[in-house]
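Sequence first, then the predicted structure, then my questions.
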Amino acid sequence: MPRSFLPFLLIGLGLVTVATRADDRDKMIDQKSELETIQAEVNRSQKRLDSLKGEEVAAQRQVSDLDQRITTNQKVIRRLNNQIATVRKNVGGAEDELAQNQDRLDQTRRRYLGDVRHFYLRCVQETRSGLWKKPMAEVKDMRESVYLAALAGFKTNIIDQAASSVSHTADRLDQLTGEQRRVSSLKKDKEVATALEKSRKSKEEKSLDALRRQKMAEGDRMLTLQQAAEEIERVIARLEDERRRKQRVSNQPHPGPSVFATLKGQLGRPFRGKIVVPFGSARDPITNLESFSPGITIKGRPSGPVVAVTGGNVAYVGSLRGYGNFIIINHDDQYYTTYGGLGKTAVKQGEYVPTEAVLAVSGDDGQVKFEIRFGREPLDPVKWIRIDAY
């Protein structure tokens, strides 16, 4: 090898070493940023879990209160049923008594009218044959007349008593009928209230089941995040050891101007679909807690192509529990694009990929997580992607 080429060879090796160190440093910074994001998400997940536990206790208390109300209403309904049965029995007795009194009144009236008719006929006969009767016959007729008059007065009293009994029984029957209607109305109201509270109880039980499932899912998610954080901590520790070892050899240069920064608003879409999770803070409709999304989630076709939004070096290809397969692309040693939720990947760490190169396919759920970071700072991808891309 000519000696004139030796300095150039040494310079080239030095630049490669510096570039490798810079790339390792960037990977370590990115891993630290990812760890901080996971740790923050773990804290938010713990808050959600605590909130869900509180909601579960409140829902259990609500179900218990509704159950007590339903039990109380059922006892009242049973008591009202007993009252209705008693009132119906009394109504039946009053109706029988009224019918008997009405029959007795009718019979007494018929007998009274028969006696009056008999008395009237006797009086007519006495008037016609009074001049030819003997004195003793007249006395007998007079006695019969007195007797019939007394009997008529007696039966008149009986008629009055029977009529009074009929009137009293009818009033009592009206009262019992009104009482029956009132108790039946109370029973109907309680039955309606019980049906409504059973419906509310059923809804609360469904809500309680949903809260329990969500609490279980949140607990599993938090455990997965903690496991992912532990794995990233091990990666960071390894990168940190490498960085310290390389720093003892030489200093790392500062990155120059970034071409990626000039592409704001001009990037293509990484995956064809609809944005279902936006960038930034969002409030959970159930737990009412805020969470932060450092990127966007795009919902599209499962196994659809995921492409690079612009050219760059593949800084990382890997997977973590809870994140699936993901790829990090380094742009100018300052900006990074991250593609998560991937299925089969098509690139390897360290290679250069051009714009719109296929990096991987989407997973079975068709949801791809896309992030843009300036160092450790997450940026809103929507502001960087062309407006006509979606």
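Arrived safely, thanks for sending. Residues are numbered from 1 along each chain as shown.

When you work out contacts or count neighbours from here on, use the C-alpha atoms and nothing else.
Fine.

Buried residues, the top strand by length along the chain. List them.
Taking residue count as the measure and DSSP state E as the definition, the longest strand of the chain comes out as strand 335-345. Neighbour-count burial for strand 335-345, counted by 16 or more other CA atoms under 10 Å, picks out 335, 336, 337, 338, 339, 340, 341, 342, 343, 345.

Just name the closest of the residues you listed to residue 170, please.
Within the set of the buried residues of strand 335-345, residue 341 lies nearest residue 170; the separation is 84.0 Å, counting by CA to CA.

so where's the stretch 101-250 of the chain shaky on pLDDT?
Scanning the stretch 101-250 of the chain with the threshold set as pLDDT under 70 gives 116, 118-142, 144-145, 147-149, 151-152, 218-219, 221-244, 246-248, 250.

What are the boundaries of the helices in it?
Chain-ordered helices for the stretch 101-250 of the chain, with DSSP state H, counting those that start in this stretch as the definition, fall at 135-247.

Please name the residues that touch residue 359.
The contact partners of residue 359, by CA atoms under 8 Å, 6 or more residues apart in numbering, come to 305, 306, 307, 308, 327, 345, 346, 347.

what's the closest of the residues you listed to residue 292?
Within the set of those, residue 327 lies nearest residue 292; the separation is 20.9 Å, counting by CA to CA.

so what's the backbone phi/psi at that closest one?
Per-residue torsions, residue 327: phi -130, psi 140 (degrees, to the nearest 10).

same question, residue 314
As for residue 314, its main-chain torsions (degrees, to the nearest 10) stand at phi -70, psi 110.

and it, how many neighbours?
In terms of burial, residue 314 registers 21 neighbours under the definition other CA atoms under 10 Å.

Could you say which helix or strand holds the closest residue to residue 176 other than its chain neighbours?
In space, not counting the residues next to it along the chain, residue 176 is nearest to residue 91; the distance is 5.9 Å by CA to CA, 6 or more residues apart in numbering. Under DSSP states H and E, the secondary-structure element containing residue 91 is helix 6-129.

circling back to that earlier point, tell me the one among the contacts of residue 359 nearest to residue 277.
Residue 277 lies nearest to residue 306 out of the contacts of residue 359, by CA to CA, at 17.4 Å.

What helices and strands are in contact with the helix or strand where the closest one lies?
Under the assignment given by DSSP H and E, the secondary-structure element containing residue 306 is strand 305-307. Identification of packing neighbours for strand 305-307 by 3 or more CA pairs under 8 Å, 6 or more residues apart in numbering; DSSP states H and E yields strand 358-362.

could you check the angle strand 335-345 makes with the strand it packs on?
On the basis of axes from the mean of the first three to the mean of the last three CA atoms, to 10 degrees, strand 358-362 is oriented at 60 degrees to strand 335-345.
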